[in-house]
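Peer 1: got a structure for you, letters missing:
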């Protein structure tokens, strides 16, 4: 599977994170999104006329929506990540995948405005993002009351992976996460998953690794 | 500067071996719980490079900075500098420490220990913390009371609302619910709290 990828893109990170969590190796093709605008180059537009990334190519299949790519990866390699196979749970996952787009269009657009000089009405974007984050906080606090740690039941699904990056990076767009205790605990649970990988701005849980011991003798001597 | 205890977070929101940001008047706090369950509230600033310690990580009884891993223990004392593992950190490298105690599922903080312990609310348990963009008086008034501790009817239940003044025109609303409420009643209370926030914030902008 080939992924046209940009390291600082939360939507691309969704795909890289999902692949890492299920052990799927991706053939990464870096796209110079900023400042090169390579996603708008003729070869990239031929692949995806919408001019967005990520783009996933596999066996003649071309997918250009990150949530569709998550669905494909999970269905291909790890169907448990699609959520429990009941009408209600499948619909809940679909709801959150659509919600993830709201995050992209609000928190993601605020971050693009602040970090990549993208155009946008920043106050309105932050207002929409705050509304979305409050909805997420309310849903996750309700989940906690039921002993569930994730968006669609007791295990992580593509819904969590779709929503996680833009939430975790919201502070880059002037949206502090301090007011959201349930979001903080949910992000901790995702960062604690086996196979979790980082992107710039989202770090792993250091406490899960053993404390690095003293430096080896030989290095200390070299430094001295 | 408040001289009494200030409610800063709910106990359940900061589980063992984790840290969270908080506020006390003009101070930013790193509120953290050690692996053995001890709660602490420190200045949210690493003495090394100024990074927020609430972004840090907890191993055992120490809070470490995410930036260079400097580890701080009892009393905010720096006890480990990973880049100099054999160095005993000087006593001067210390994080300012605030008072922090827990009562009725709430984490209360203060600069200096007030004479009386924080209030208890028998029959109530911690429910949710929300941030509201409003003045403390506006929120208390919308709850039908005044002051920073209000007993109010909300979503068909009687709740205790603890109001925490925050900076930048915001307040923390820490809600305690009656112990016996079921899941559906708590959901209704949550919906009512969100509606209260909308009403209060609309009043502010109107």
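Peer 2: Structure received. The model shown is predicted, which means the values in this text are computed figures rather than measured ones.

Peer 1: near chain A, which residues of chain B show up?
Peer 2: B:9-10, B:13-15, B:17-18, B:20-22, B:57-59, B:64, B:66, B:69, B:82, B:85-86, B:128-131, B:170, B:172, B:183, B:186-187, B:190, B:194 (C-beta under 8 Å from any C-beta of the partner chain). Yep, even glycine has a C-beta here, placed from its N, CA and C like the rest.

Peer 1: ranges for the strands of the chain?
Peer 2: You didn't say which chain, so I picked chain A. A:2-5, A:27-30, A:55-58, A:61-63 (DSSP state E).

Peer 1: oops, wrong one, chain B.
Peer 2: Under DSSP E, chain B gives strands at B:6-10, B:18-24, B:27-33, B:39-43, B:57-59, B:62-64, B:71-72, B:78-80, B:97-103, B:106-110, B:124-132, B:149-154, B:157-165, B:171-178.

Peer 1: and the shortest one, average pLDDT?
Peer 2: I take that to be strand B:71-72. Mean per-residue pLDDT for strand B:71-72: 96.

Peer 1: pull the longest helix from the chain.
Peer 2: This is for chain A. What stands out as the longest helix in chain A, according to DSSP state H, is helix A:122-145.

Peer 1: wrong chain, I was asking about chain B
Peer 2: helix B:183-205.

Peer 1: strand B:124-132 and that one, what's the angle between them?
Peer 2: Interaxial angle, helix B:183-205 versus strand B:124-132 (axes from the mean of the first three to the mean of the last three C-alpha atoms, to 10 degrees): 30 degrees.

Peer 1: thinking again about what came up before, so which of the strands of chain B is nearest residue A:65?
Peer 2: strand B:124-132 (32.8 Å; C-beta to C-beta).

Peer 1: how long is stretch A:141-154 from one end to the other?
Peer 2: Taking C-alpha to C-alpha, to the nearest Å, stretch A:141-154 runs 14 Å from one end to the other.

Peer 1: likewise stretch B:149-166?
Peer 2: Across stretch B:149-166, first to last residue, C-alpha to C-alpha, it's 15 Å.

Peer 1: pLDDT (mean, whole number) over that stretch?
Peer 2: Here the average pLDDT along stretch B:149-166 is 97.

Peer 1: which positions in that stretch come out as buried?
Peer 2: Within stretch B:149-166, the residues that qualify as buried are B:150, B:152, B:154-155, B:157, B:159-166, counting by 16 or more other C-beta atoms under 10 Å in any protein chain shown.

Peer 1: closest to residue A:83 out of those residues?
Peer 2: residue B:155 (29.7 Å).

Peer 1: do you know how far the closest one is from chain A?
Peer 2: Residue B:155 sits 13 Å away from chain A, going by C-beta to the nearest C-beta, to the nearest Å.

Peer 1: ok, now residue B:152?
Peer 2: With the distance defined as C-beta to the nearest C-beta, residue B:152 ends up 19 Å from chain A.

Peer 1: next one: residue B:103
Peer 2: Note on residue B:103: its distance to chain A, by C-beta to the nearest C-beta, is 18 Å.

Peer 1: and the pLDDT for that residue?
Peer 2: Residue B:103 is given a pLDDT of 96.

Peer 1: so what's the residue count around it?
Peer 2: Counted with other C-beta atoms under 10 Å in any protein chain shown, residues neighbouring residue B:103 total 15.

Peer 1: got the residues of chain A near chain B?
Peer 2: Near chain B, when you scan chain A using C-beta under 8 Å from any C-beta, you find A:134, A:138, A:141-142, A:145-146, A:178-179, A:181-182, A:184-185, A:188, A:203, A:205-207, A:211-215.

Peer 1: that older thread, buried set for the longest helix of chain B?
Peer 2: Buried residues in helix B:183-205 (16+ other C-beta under 10 Å): B:186-190, B:192-194, B:196-197, B:200-201.

Peer 1: cool, and stretch B:105-125?
Peer 2: B:105-111, B:118, B:121, B:124-125.

Peer 1: what about residue A:195, how many residues close to it?
Peer 2: 11.

Peer 1: who's in contact with stretch B:181-200?
Peer 2: Contact with stretch B:181-200 is made by A:134, A:138, A:141-142, A:145-146, B:127-128, B:130, B:132, B:134, B:138-139, B:142-143, B:154-157, B:159, B:173, B:175, B:177, as judged by C-beta atoms under 8 Å, 6 or more residues apart in numbering or on different chains.

Peer 1: just the buried residues from these, in PyMOL please.
Peer 2: To isolate the buried ones among the contacts of stretch B:181-200 in PyMOL, judged by 16+ other C-beta under 10 Å, type:
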select buried, (chain A and resi 134+138+141+142) or (chain B and resi 127+128+130+132+134+138+139+142+143+154+155+157+159+173+175+177)
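
Peer 1: domain parsing for chain A?
Peer 2: Domain segmentation of chain A under automatic domain parsing yields A:2-80, A:82-196.

Peer 1: so which of those domains comes closest to residue B:34?
Peer 2: Of all these, domain A:82-196 comes closest under C-beta to C-beta, at 16.1 Å.

Peer 1: the closest one: end-to-end distance?
Peer 2: So domain A:82-196: terminal residues 18 Å apart, C-alpha to C-alpha.

Peer 1: pLDDT of that domain, averaged?
Peer 2: 96.

Peer 1: what distance separates it from the centre of its chain?
Peer 2: Chain-centre distance of domain A:82-196: 9 Å, with C-alpha atoms, centre = their mean, to the nearest Å.

Peer 1: what residues does residue 119 make contact with?
Peer 2: Because you didn't say which chain, this covers chain A. Counting by C-beta under 8 Å, 6+ apart, residue A:119 has contacts residue A:113.

Peer 1: meant chain B actually
Peer 2: When contacts are counted by C-beta under 8 Å, 6+ apart, residue B:119 touches B:5, B:103-104, B:149.

Peer 1: spatially, which two of the residues you listed are the most separated?
Peer 2: Between any two of the contacts of residue B:119 (C-beta to C-beta), the greatest distance is 12.5 Å, for B:103 and B:149.

Peer 1: for residue B:83, grab the count of nearby residues.
Peer 2: Neighbours of residue B:83 under the rule other C-beta under 10 Å: 9.

Peer 1: most distant residue from the middle of chain B?
Peer 2: In chain B, the residue that sits farthest from the middle, by C-alpha atoms, centre = their mean, is residue B:86; the gap is 35.3 Å.

Peer 1: residues near residue A:6, how many?
Peer 2: Neighbours of residue A:6 using other C-beta under 10 Å come to 19.

Peer 1: ok, it touching residue A:28?
Peer 2: No - contact criterion C-beta atoms under 8 Å: residue A:6 and residue A:28 do not qualify, at 10.1 Å.

Peer 1: kindly provide the distance from the residue lying closest to residue A:104 once chain neighbours are set aside to chain B.
Peer 2: Nearest residue to residue A:104, sequence neighbours excluded (C-beta to C-beta, 6 or more residues apart in numbering or on different chains): residue A:166, at 5.8 Å. Distance, residue A:166 to chain B, by C-beta to the nearest C-beta: 19 Å.
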